[in-house]
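Student: give the three-dimensional model of this entry:
(chains A, B, C and D)
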4 protein chains.
Amino acid sequence: MCRFTFYRGELLQLSDLVTEPENSLIHQSYAAQEREEPLNGDGFGLAWYVKDQREPAFFRSITPAWSNQNLECLARVLRSDCVLAHVRAASHGLEVTEKNCHPFTCDRFALMHNGEVGAFPAVRRRLLESLSDEAFSRIRGTTDSEHLFAAFMDELRKEEPSDGCSAMAAALERAIARILELVERHGDGVPSFLNVVVTDGEAAVVSRFTSSDSEPAHSLYVSHGARYVCEDGVCRMEAAEGASRAVLVSSEPLTDDVHWDPVPENHVVSIHEGLGVDVREMNV
Amino acid sequence: MCRFTFYRGELLQLSDLVTEPENSLIHQSYAAQEREEPLNGDGFGLAWYVKDQREPAFFRSITPAWSNQNLECLARVLRSDCVLAHVRAASHGLEVTEKNCHPFTCDRFALMHNGEVGAFPAVRRRLLESLSDEAFSRIRGTTDSEHLFAAFMDELRKEEPSDGCSAMAAALERAIARILELVERHGDGVPSFLNVVVTDGEAAVVSRFTSSDSEPAHSLYVSHGARYVCEDGVCRMEAAEGASRAVLVSSEPLTDDVHWDPVPENHVVSIHEGLGVDVREMNV
Amino acid sequence: MCRFTFYRGELLQLSDLVTEPENSLIHQSYAAQEREEPLNGDGFGLAWYVKDQREPAFFRSITPAWSNQNLECLARVLRSDCVLAHVRAASHGLEVTEKNCHPFTCDRFALMHNGEVGAFPAVRRRLLESLSDEAFSRIRGTTDSEHLFAAFMDELRKEEPSDGCSAMAAALERAIARILELVERHGDGVPSFLNVVVTDGEAAVVSRFTSSDSEPAHSLYVSHGARYVCEDGVCRMEAAEGASRAVLVSSEPLTDDVHWDPVPENHVVSIHEGLGVDVREMNV
Amino acid sequence: MCRFTFYRGELLQLSDLVTEPENSLIHQSYAAQEREEPLNGDGFGLAWYVKDQREPAFFRSITPAWSNQNLECLARVLRSDCVLAHVRAASHGLEVTEKNCHPFTCDRFALMHNGEVGAFPAVRRRLLESLSDEAFSRIRGTTDSEHLFAAFMDELRKEEPSDGCSAMAAALERAIARILELVERHGDGVPSFLNVVVTDGEAAVVSRFTSSDSEPAHSLYVSHGARYVCEDGVCRMEAAEGASRAVLVSSEPLTDDVHWDPVPENHVVSIHEGLGVDVREMNV
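Tutor: Numbering: from 1, shown residues only, chains lettered A, B, ... in the order given. Now for the predicted structure:
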């Protein structure tokens, strides 16, 4: 059920996530290593932030990432300080369409997801009913992930102020709690797996979550340091002497040359505006 | 806002609708003649019924009909006694995806639409709320047309018996009435244009409808006779001595060699199981 | 490098090859079992023959077979007595486009290939130069397979009569010999792997070939009997008391319930007009 | 037969060509004004140059420009000082595939074309035979335009120095002369229409050419000044007091607020490295 990579730091050429690393996102599209099923060939998507533009840009396609020549070319020329990249393995019964490709964007926010909302077909209608008209009308596809994003946007609007790292973290936790409650009531408590990245282009919040007692959360790793750089086919994260200046969060390590910390289950990683990183237990 | 053609009669090669006539559906995809905007390039779809199979088959694509080589090839070899063919001009704001391509199918029914539900973005949520869980869960796209189909299916289930020509006609009229009421209440009565074909593979019902006092309904024509045949590039409808054995309903005449009757505004054409045709005022 | 399945016999619903068997062609698109790389996600194609039409029909797409809803629907309704089905893993440097999807068709012939012409980039220009104008102008893509088909068509025209099983076998062997000679001269004898099916809709010829001393030919199996049938999810080949009435040739066995004979290396299987099957050493 | 727009000047947001002007390239994809046939819906392409990268980037798609959401998004965030944009109306018999979408790129050069090589099917093989191995192997599609580009690259390599504005102009003229000679010999002199832009990212050369005595060349306009700018939906070219700093060449004027000079028939526009513009008769 999908693989993703998130980057926040200095301007980075997107190919340093998408094509350069040994276990780049393109590699994960056909040979993911930490899932039983190695294939993530049901489309892909990029979202990235650009100087002086409030809303992120995106590029999504229903063809597999490994053969998309536009993707390869764009990755070579695009640079950004905040990037989301995702390869999809469609959940059973969910269509392969551009509108179902992650990352999803709304106003200045972007979200991507690896996992699934338990018993989503049974829960979907209740979840839709609970949304504001605005959040409802933004949903254009049929994925659990986009519905979760809509719930997140509604929760975020209740925050004061309604942006920044802690507002996003609180909204994500409340959105997840809301959905779990619906799964409990209408979906026989079928397990949910919710590895989610959400960002406003400056700060970001990432969850690693399972609602199951027996099935572990999907894999998730974080790495931070002074600078992430790929040169001559080798990618590495330079150690920071003081504060972090570059952060990577990824379903799977991109490369051996970078030190990766597993995110503990049911924890949330906060990447603050100043690029400080903290990890704490989720509150759901 | 789309063009369509429906056929019911003896086994017909699909190319006799799609490629052979002067003003074939492929021709209408780039050069429709009875709309201000000649272009219907936002994908296309076919649905057709096959002997011994209850549910119709379909073939849909988001690329324009005029350059689709699979379409040309399939039309050459497929034969059916009940065919729906549609080229799409997407309404503003509605995505070009396969799930938004007509005809829509559900169980043994198929539906296609030319026109629009007035103020659909304002009406959509209310319409969804009014649906049964079953009809709700069938909707996979974002078009007004597919939502109308869902309302139709709900109305049809209330009929006794819940099939046949008169049940379909009653269900279509009630579904349209329901939607118009929602448009009245939530959409400032923005005009709706509802040329709709719905069939179960044997009988069919076709509406030509406008809710506006000033704007006419979209064009719609009917032709029937003993046999519709294309030979050496000339298509014609042979006159019937007794009952009709072949019926065509089309947004635009396919060819000069066929006699076409305009369907009066706000009328419904019923094509009965035995291929009898009657036209009467709609009851909405 | 691709997987394929060929059927010749009584009218068969295409789903009995494409979706029904445990190891159906759709299954082989993401989980092929007899290749190191299980993935054949670079598009797919079907070709099939229809009564009273000389030329085969085809349906090809660049999206993976496993998520193509048109494919699933067409397989359910199409019936044919001669079917070619192929899932592609693009050779390095060869584009994923419809024109590169197998099967290729020309006049009443269809061909599909699993493997590769050794050093094709070095050989391609010489091969093109050797073609007749007619064969040259038919090539619309960039695969080695389509170029091989062009050479086959040229060789076939030299046969007298230029059709039937033995003419096709002779032409295939000569086309392969011609290409191997070019590889020898211009491509340093890089090994070629040429599992090829070619048919005129009645008879068919299938090769299993490697030019390497050390690397085996790609896998290939044949099965024949009285009737191939799938019922309640179980597919089987009924034993024939007399002559065969149904023949399957497949890169991998489709199901355990069918007896499959491996085709020996560098042998050619001839499936005659009357459905007799013989296997003999190739003459290249 | 296609429409295109070329820009060279200060960094420009691509939307200022693609979406902002009244008669933007997206507008020309469905409503071109200076061709009998207003439709250019057989795919589109962009190529643009990026600081510190020698080779241009590209984005091409076979779906119509008017509904491509990736295009709209990319145009909003991409900035370049040298941009080629093209919407395609496929010549009869030429496939709609990404490899047939303009602009074509090779090393640091990019080319796009509006028009056609006369009797191309009859000429194609002779043209291919005349190419160097390197130019031959670069051709991945089937358009006359890409073959012309290959001939151009071969001619360019004969120049000394083999780059810059005058080398490109000479190579383009010789490539066209070579092709016209082949058309004369093998194609009964069927007329050719060759509006071509070729650039190395700094200088550019643009031809407006017809080989017919009776049929005019396709439309082509040039505009230059101090700065091309779109603000609040109005695009204009500011007059230059001294040398030009911004140049547009377009099949059709993009907007009324810009002064456009028609390029005379059978003339070539040279846009020099320093953005000086001169127009002279072609030498073919």
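Student: got phi/psi on A:Val183?
Tutor: Backbone geometry at A:Val183, expressed as degrees, to the nearest 10, gives phi -60, psi -40.
Student: that one reaches A:Ser192, doesn't it?
Tutor: Yes. Checked against C-beta atoms under 8 Å, the pair A:Val183 and A:Ser192 is within contact range at 5.9 Å. In this view, the C-beta of every residue, glycine as well, is placed from N, C-alpha and C.
Student: overlap of the contact sets of the two?
Tutor: Jointly contacting A:Val183 and A:Ser192 under the rule C-beta atoms under 8 Å, 6 or more residues apart in numbering or on different chains are A:117-118, A:211.
Student: tell me which element the closest residue to A:Phe58 other than its chain neighbours is part of?
Tutor: Closest residue to A:Phe58 apart from its sequence neighbours, by C-beta to C-beta, 6 or more residues apart in numbering or on different chains: A:Ala47 at 4.5 Å. Secondary structure from DSSP states H and E places A:Ala47 in strand A:44-48.
Student: what residue ranges in chain A score low on pLDDT?
Tutor: A:1 (pLDDT under 70).
Student: residue contacts, A:Glu146?
Tutor: For A:Glu146, the contact set (C-beta under 8 Å, 6+ apart) comprises A:99-100, A:104, A:139-140.
Student: redo that, cut-off 7 Å
Tutor: When contacts are counted by C-beta atoms under 7 Å, 6 or more residues apart in numbering or on different chains, A:Glu146 touches A:104, A:139.
Student: helix or strand: which one has it?
Tutor: Counting by DSSP H and E, A:Glu146 is part of helix A:144-157.
Student: so what does the residue of the stretch 101-250 of chain A found nearest chain D have for phi and psi?
Tutor: Nearest to chain D, among the residues of the stretch 101-250 of chain A, is A:Thr105, at 9.1 Å (C-beta to the nearest C-beta). The phi/psi pair for A:Thr105 (degrees, to the nearest 10) reads phi -130, psi 150.
Student: got the contact list for the closest residue to chain B within chain A?
Tutor: Residue of chain A nearest chain B, by C-beta to the nearest C-beta: A:Thr97 (4.6 Å). A:Thr97 is in contact with A:62, A:141, B:97-99, counting by C-beta under 7 Å, 6+ apart.
Student: out of those residues, flag the one nearest to B:Met153.
Tutor: Among the contacts of A:Thr97, B:Lys99 lies closest to B:Met153 (C-beta to C-beta), at 16.6 Å.
Student: how close does the closest one get to chain D?
Tutor: Going from B:Lys99 to chain D by C-beta to the nearest C-beta, to the nearest Å gives 15 Å.
Student: quick one: the strands in the stretch 51-200 of chain A?
Tutor: Secondary structure of the stretch 51-200 of chain A (DSSP state E, counting those that start in this stretch): strands at A:57-61, A:79-87, A:104-106, A:109-116, A:193-199.
Student: which one of these lies closest to D:Ser270?
Tutor: Proximity to D:Ser270 (C-beta to C-beta) singles out strand A:79-87 among the strands of the stretch 51-200 of chain A, at 32.3 Å.
Student: partner strands of the closest one, parallel or antiparallel?
Tutor: When pairing is defined by DSSP bridges, strand A:79-87 lines up against strand A:3-13 (antiparallel), strand A:44-48 (antiparallel).
Student: any idea which of these is most buried?
Tutor: Comparing the strands paired with strand A:79-87 by mean neighbour count (mean count of other C-beta atoms under 10 Å in any protein chain shown), strand A:44-48 ranks first with a mean of 28.
Student: dump that one to PDB, restricted to CA.
Tutor: Extracted in PDB, the C-alpha atoms of strand A:44-48 (Å, rounded to 0.1, in the frame of the first residue of the first chain):
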ATOM      1  CA  PHE A  44       2.700   8.200  -8.600                       C
ATOM      2  CA  GLY A  45       2.800  11.900  -7.600                       C
ATOM      3  CA  LEU A  46       5.000  14.700  -6.700                       C
ATOM      4  CA  ALA A  47       4.200  17.900  -4.800                       C
ATOM      5  CA  TRP A  48       6.700  20.700  -4.100                       C
END
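Student: mind checking how far that strand is from the chain centre?
Tutor: 10 Å (C-alpha atoms, centre = their mean, to the nearest Å).
Student: can you show me the helices along chain A?
Tutor: Along chain A, the stretches classed as helices by DSSP state H are A:15-18, A:25-31, A:69-77, A:120-129, A:133-138, A:144-157, A:165-186.
Student: just put the ones you listed in a markdown table and tack on distance to C:Val196.
Tutor: Putting the helices of chain A into a markdown table (distance: least, C-beta to C-beta, whole Å) gives the following:
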| stretch | distance to C:Val196 |
| --- | --- |
| helix A:15-18 | 36 |
| helix A:25-31 | 26 |
| helix A:69-77 | 28 |
| helix A:120-129 | 45 |
| helix A:133-138 | 51 |
| helix A:144-157 | 44 |
| helix A:165-186 | 52 |
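Student: of all those helices, which lies closest to D:Ala122?
Tutor: D:Ala122 lies closest to helix A:69-77 among the helices of chain A, at 30.9 Å (C-beta to C-beta).
Student: show me what that closest one is packed up against.
Tutor: If contacts are counted by 3 or more C-beta pairs under 7 Å, 6 or more residues apart in numbering or on different chains; DSSP states H and E, helix A:69-77 sits against helix A:15-18, strand D:57-61.
Student: hmm, 8 Å instead?
Tutor: Under the contact criterion of 3 or more C-beta pairs under 8 Å, 6 or more residues apart in numbering or on different chains; DSSP states H and E, helix A:69-77 touches strand A:3-13, helix A:15-18, strand A:44-48, strand A:57-61, strand D:57-61.
Student: next, the angle helix A:69-77 makes with the fourth one.
Tutor: With axes from the mean of the first three to the mean of the last three C-alpha atoms, to 10 degrees as the criterion, the two stretches strand A:57-61 and helix A:69-77 enclose an angle of 150 degrees.
Student: off-centre distance for strand A:57-61?
Tutor: Mean-position distance between strand A:57-61 and its chain equals 14 Å (C-alpha atoms, centre = their mean).
Student: what are the contacting residues of that strand?
Tutor: Outside strand A:57-61, the residues that touch it by C-beta under 8 Å, 6+ apart are A:43-50, A:68, A:70-71, A:74, A:98, A:101-103, A:105, A:110, D:70, D:73-74, D:76-77.
Student: cool, the shortest one as well?
Tutor: Residues lying outside helix A:15-18 but in contact with it, judged by C-beta under 8 Å, 6+ apart, are A:5, A:7, A:24-26, A:46, A:65, A:71-72, A:75-76, A:83, A:85, A:228-230, A:235, A:254.
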